[in-house]
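>>> Kindly return the folded structure for what I paste below:
(chains A and B)
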Protein chains: 2
Amino acid sequence: MGEIEKQRIAALQKLLKEAGIDYYIVPTADYHNSEYVNAHFKMREFLSGFTGSAGTLVVSAKEAGLWTDGRYFVQAENELQGSGIVLYKMLEEGVPKIEEYLERNVTDGQTIGFDGRVVDAFFGKELEKTFAGKDITFVYDKDIAAQLWQDRPARPVSKLWIVSEENCGMSVADKLTKVREKMAEEGAKYLLISKLDDIMWLYNIRANDVDCNPVALSYTYVSKDKAVLFIQTEALTEEAKLHFEKSDVLCEDYDNIAEYLKTCDMRGKVWCSGADISYMLYKVVQNRTELVDKKNPTELLKAIKNPVELEHIRECYLKDSAVLTKFLFWMKENVGKVSMDERSVAAKLDSMRAKIPGFLDLSFPTISAYKANAAMAHYSATPEHFSIIEAEGLYLVDSGGQYEGGTTDVTRTIALGTVTDEMKFHFTKVACSMLRLADIKFLYGCTGRNLDIIAREPLWQCGLDYKHGTGHGIGYILNVHEGPHSLRWQYRQELPETELEEGMILSDEPGMYVQDSHGIRTENIIETVKENKNEYGQFMGFRHLTYVPIDLDIIDTQYMEASDICKLNAYHESVYNKLSPYFEGEQLEMLRKATRPI
Amino acid sequence: MGEIEKQRIAALQKLLKEAGIDYYIVPTADYHNSEYVNAHFKMREFLSGFTGSAGTLVVSAKEAGLWTDGRYFVQAENELQGSGIVLYKMLEEGVPKIEEYLERNVTDGQTIGFDGRVVDAFFGKELEKTFAGKDITFVYDKDIAAQLWQDRPARPVSKLWIVSEENCGMSVADKLTKVREKMAEEGAKYLLISKLDDIMWLYNIRANDVDCNPVALSYTYVSKDKAVLFIQTEALTEEAKLHFEKSDVLCEDYDNIAEYLKTCDMRGKVWCSGADISYMLYKVVQNRTELVDKKNPTELLKAIKNPVELEHIRECYLKDSAVLTKFLFWMKENVGKVSMDERSVAAKLDSMRAKIPGFLDLSFPTISAYKANAAMAHYSATPEHFSIIEAEGLYLVDSGGQYEGGTTDVTRTIALGTVTDEMKFHFTKVACSMLRLADIKFLYGCTGRNLDIIAREPLWQCGLDYKHGTGHGIGYILNVHEGPHSLRWQYRQELPETELEEGMILSDEPGMYVQDSHGIRTENIIETVKENKNEYGQFMGFRHLTYVPIDLDIIDTQYMEASDICKLNAYHESVYNKLSPYFEGEQLEMLRKATRPI
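Predicted coordinates for the structure are as follows:
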């Protein structure tokens, strides 16, 4: 075990020696810093044998080291066995960060190499800072390890499809106008975008180049009177060509982006988000002109859903909610009678979802976690490791779909039999957290940092917490995780916050996790709405988009305020009203029971 | 009316012409940006006749304009009558800011003047930015208007007194060590402080040069091995001289600061807070070396009260609470029987406070406001305008003292007879806001921006709000308003936030104001404490320092959650337990009744 990887590292070390590179960095990323990395880009996995979704390999003549985080320590230890690769456990005491490791080891006159297309500008600039004033050379124009990977999967390419204006509510021309207004405000003559969901939104296109994210590998370069889309030619259907022609968008080959940027018109500032663009392209631009390094203007525009999108989203969430509810009823009815495991029930839910009209794909791989497995963040059942589900304890399912009318995300935890008082206590508190946050009113100007405590306080009051954000934005037929807004409490001076705007949708997903015992998360998606406006300002609030019962078998009213009980009953009443058209007969009766007032 | 001011402005215009100055700015400030401005520094009032506490005068050959904020529009309109001075109502639509006004009017080749000692560096730098690249000269080394003010009050100077180590818990030497550690962290070789409360804290001294703030006009310049205090020689008592000698602090004359900074050792960065220092001194330093423009290290150190300070503060607040409680009992008992007005009852409270052992001064002028007057922010009864108090409606009193054991601040609103249901509703919500905030638990790392919504939510939920912060820090025998921490929700990217630390004390003062009707504020001071620490992190919480009953005559439980009632009862139980040693006989009975469980 690990023998192949040992040879691969040795071969890489030989190549590095020939190329005069002393330290070579291999991150886990595609050219666009996408959340999911296609097989073609899994160079780090190929070289190291470590299959986790996050990790960075650093290879020198002296050693090969792999940096990964707490989710993957056990897995990495197993998978790295025999490879000779040293595991660096990130955030553990005494373990250096990659920059620190390099700072300690790299000496004057040495060279650091990486494929500048898969390292983002943010990290690249950190490296520059680390070695400022020292005689260190960066080589980032070669994918040195590429020649070692003989049977490398091809770069993904899928056919583009168009989101009609009736479906997305805004023409490409109107979107470009808005983007150009923002450019003018920032004094930027050009805008270079590498973030795939931003590009899809701008041009009303979608594809399947990244798992679960309906996006196409692409770049765009926008000026006052020109919009150029860099796209793989195989992706261009006749319909797409027509669409771009009509929208006055020029197409260039995806692989020409760097050459284009080296020679194109660039007399003025270029807006280019360093956190989203590759170091290589960043340097190309930086060598030619002044940069505006801020989040893409498309990010905020995209996050504020327009009325057409919202109408589709609301309907889409109802259908998705109905199916999840039916699935949960089926589980509660059949557990202990029918054989179930984490994978089989997830497959059932996925296939139920696939039958919803307009279904395109899952929005992320379904998390199906029983008992203690649900306490592990990012748990995923595998063919080798999964649990059999029996008629007891708690079951958590976090799932969602891509539809022609939106992108969904929802988590429910249910009891499959007897549960402990502690579980009821935790579940009830989490339900109160979710409902309280969804129910608040706040003055316009609040950001997620103001609001987060509303969800956390019921747990904090008991000395409990969940170690993840309370919520994230969600795309429209796009990525299930989307910025720039979020719900989190931690203060980071360097991180600009975003005011919550009417039409922003976000998840509201408090949880509670007890190692080796159980995991609870209750996640609704909520829509930001305007409430009344008066002398104090514009009040804002939320509306639920998700309508799935909260399992009353695990609710204990002794842990609730009177107003919490009202909120739960009101929510359940609306669940019944919204979902009942999708139910009939015995199932309708189950819905009535599951949403009964308490 | 206004004739004298008209002449003064004309005389100033003549001086400006002679000096070649086209626009002259007169702010309302002393050399240290103190909250209260001594008569000596009230140049703006002398020139304009406007007596409000905030305002800036700009004089050119063409016109004289006065900028002030909404609190003072009516007053300024009255007081400026006949002076020919134009009133610029700040934040009103279409009214330019001073910088905008200057930008529009000042033309190339012209000169802007101001006394660089009373304009802070922050504003000065804004002006520099506004006119960057233009041919505008700044003249800031002269107090041009000084010669017009024949009977100008002398600059204040009072005798220094020493806060013993037993009273403040930390020696000057230890404080200097801590400050020098912070300097080293920032890479600053020198530290220049102009903020008076920071200097008082650092050297364990106090004085009376600013109303209600027990501070001395001073500067300090600290290096690795030298600490120089610039102080008016008349302030130096023998005791003070001995204290400084013992503490290894060198004294220089207050008026030598600029000369000293021009010639002293300055081979390295100087830490100097641009928001707190005068433009003149900032420029002196900037012309010599590199600046670290951050809040003074003393600000955070001072805000975290040490155990000795906390012990004294707790005791001091009890005595202060007992006196305020007795005063409020007296009011409720005697209203309608004894003649009362806003000024007479404030005088009574002030004299009651003055009898508390260790009393030094008020910490700010007592706000005594009856009925609709309480709805006005910063209302202050004057000999000309004040209300008679009768046996009905609400009365608000916001007051505090300076004691040898601390600085207090407390607000209570009481019913003096029949009150409306709306008043009860507002009062009950505000009481819940105050108690809920004081009762929360939060993870270490939270700042006031995370917590503020806990106090505001009960009001926001009803579409109500108070247009002021929820809380501020408080000094120890020092300024009643103290940074760097605060409780507010608004997002300002340029404003760094401060995590709440064990030992920080702050006010918790939600309110509710209805124009022409009533004003309610309930203010307790709370102490930040550590709660339990577990796998989720260090939990933090608050403890009340203020123990004064919340008027049950205005509480209506229909507006409270069950837990709010518990919180109020628990608070009242502790009020009784803490205060009863200070009460006896009939008054003790009143205390028992005022703190009865509901």
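>>> so A:F539, which of the three states?
The three-state label for A:F539, taken from DSSP: H, G, I helix; E, B strand; the rest coil, comes out as strand.
>>> Please name the residues that touch it.
Each residue near A:F539 by C-beta atoms under 8 Å, 6 or more residues apart in numbering or on different chains is listed here: A:441-444, A:530-533, B:460, B:463. C-betas here are computed from N, CA, C, even on glycine.
>>> Most neighbours among these, which one is it?
If you count neighbours using other C-beta atoms under 10 Å in any protein chain shown, the busiest of the contacts of A:F539 is A:F442, which has 26 neighbours.
>>> what helices or strands is the one helix or strand that one maps to leaning on?
Per DSSP states H and E, A:F442 falls inside strand A:441-443. Secondary structure elements in contact with strand A:441-443, counted by 3 or more C-beta pairs under 8 Å, 6 or more residues apart in numbering or on different chains; DSSP states H and E, are strand A:537-544, helix B:448-460.
>>> ok, and does the next helix or strand after the shortest one reach over to chain B?
This means strand A:537-544. On the C-terminal side of strand A:537-544, the closest following helix or strand by DSSP H and E is helix A:562-579. Yes: when contact is scored as C-beta under 8 Å from any C-beta of the partner chain, part of helix A:562-579 falls within range of chain B: A:562-563.
>>> which outside residues touch helix A:562-579?
Residues lying outside helix A:562-579 but in contact with it, judged by C-beta under 8 Å, 6+ apart, are A:318, A:321-322, A:325, A:431-432, A:435-436, A:439, A:544, A:547-550, A:555, A:557, A:560, A:591-592, A:594-598, B:561-562.
>>> buried set for it?
Within helix A:562-579, the residues that count as buried by 16 or more other C-beta atoms under 10 Å in any protein chain shown are A:563-565, A:567-568, A:571-572, A:575-576, A:578-579.
>>> how about the residues of the stretch 401-550 of chain A near chain B?
A:440-443, A:445-447, A:449-454, A:457, A:460-461, A:463-465, A:467, A:489-491, A:493, A:496-497, A:499, A:531-532, A:534, A:536-537, A:539.
>>> what pLDDT, on average, does the strand holding A:F442 get?
For strand A:441-443, mean pLDDT is 98.
>>> same question, stretch A:317-324
Averaging pLDDT along stretch A:317-324 gives 98.
>>> which residues sit against it?
A:349, A:352-353, A:355-357, A:397, A:399-401, A:403, A:406, A:408, A:410, A:412, A:525, A:545-548, A:575, A:578-579, A:582-583.
>>> quick one: it to chain centroid distance?
Here the centre of mass of C-alpha atoms in stretch A:317-324, compared against the chain's by C-alpha atoms, centre = their mean, to the nearest Å, lies 21 Å away.
>>> burial of the residue nearest to A:I554 when sequence neighbours are not counted, as a residue count?
Setting aside the residues directly before and after it, A:I554 is nearest to A:F427 in space (C-beta to C-beta, 6 or more residues apart in numbering or on different chains), at 4.1 Å. Neighbour count for A:F427, taken as other C-beta under 10 Å: 26.
>>> Could you give the number of residues near the residue of the stretch 151-300 of chain A found nearest chain B?
The minimum distance from the stretch 151-300 of chain A to chain B, using C-beta to the nearest C-beta, falls at A:K294 (11.7 Å). Counted with other C-beta under 10 Å, the burial measure for A:K294 works out to 16 neighbours.
>>> dump the residue contacts of it.
For A:K294, the set of contacting residues under the criterion of C-beta under 8 Å, 6+ apart consists of A:186, A:271, A:273.
>>> helix, strand or coil for it?
The three-state label for A:K294, taken from three-state DSSP, comes out as coil.
>>> so where's chain A uncertain?
Scanning chain A with the threshold set as pLDDT under 70 gives no residue ranges.
>>> Would you map the helices across the stretch 101-250 of chain A?
Assigned by DSSP state H, counting those that start in this stretch, the stretch 101-250 of chain A shows helices spanning A:121-130, A:165-168, A:172-186, A:196-203, A:238-246.
>>> in what helix or strand does A:E589 lie?
When secondary structure is defined by DSSP H and E, A:E589 falls within helix A:585-594.
>>> List the buried residues of that helix.
Buried-residue list, helix A:585-594, by 16+ other C-beta under 10 Å: A:587, A:590-591, A:594.
>>> what about the longest helix in chain A?
If each helix of chain A is counted by residues according to DSSP state H, the longest one is helix A:307-334.
>>> In that helix, which residues are buried?
By 16+ other C-beta under 10 Å, the buried positions in helix A:307-334 come out as A:309-310, A:312-314, A:316-332.
>>> just the angle between it and strand A:537-544, please?
Following axes from the mean of the first three to the mean of the last three C-alpha atoms, to 10 degrees, one obtains 40 degrees for the angle between helix A:307-334 and strand A:537-544.
>>> Name the next helix or strand downstream of helix A:307-334, please.
strand A:340-341.
>>> thinking again about what came up before, who wins on neighbours among the contacts of A:K294?
Counting neighbours by other C-beta under 10 Å, the one among those with the most is A:S273, which has 26 neighbours.
>>> For it, which residues are in contact?
Contacts for A:S273 were tallied using C-beta under 8 Å, 6+ apart; they are A:193-195, A:293-296.
>>> With distance to B:E509 added, can I get those in TSV?
Conversion of the contacts of A:S273 to TSV gives the following (distance: C-beta to C-beta, whole Å):
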residue	distance to B:E509
A:I193	47
A:S194	48
A:K195	44
A:D293	41
A:K294	37
A:K295	36
A:N296	41
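>>> Let's see if you can find the most crowded of those.
When neighbours are taken as other C-beta under 10 Å, the top entry among the contacts of A:S273 is A:N296 (29 neighbours).
>>> Which residue would you name as the spatial centre of chain A?
Nearest to the mean C-alpha position of chain A, counting by C-alpha atoms, centre = their mean, stands A:H481 at 3.5 Å.
>>> packing partners for the strand ranked longest in chain A?
The strand of greatest length in chain A, counted in residues with DSSP state E as the criterion, is given as strand A:524-534. Contacts defined by 3+ C-beta pairs under 8 Å, 6+ apart place strand A:524-534 against helix A:307-334, helix A:421-439, strand A:505-508, strand A:537-544.
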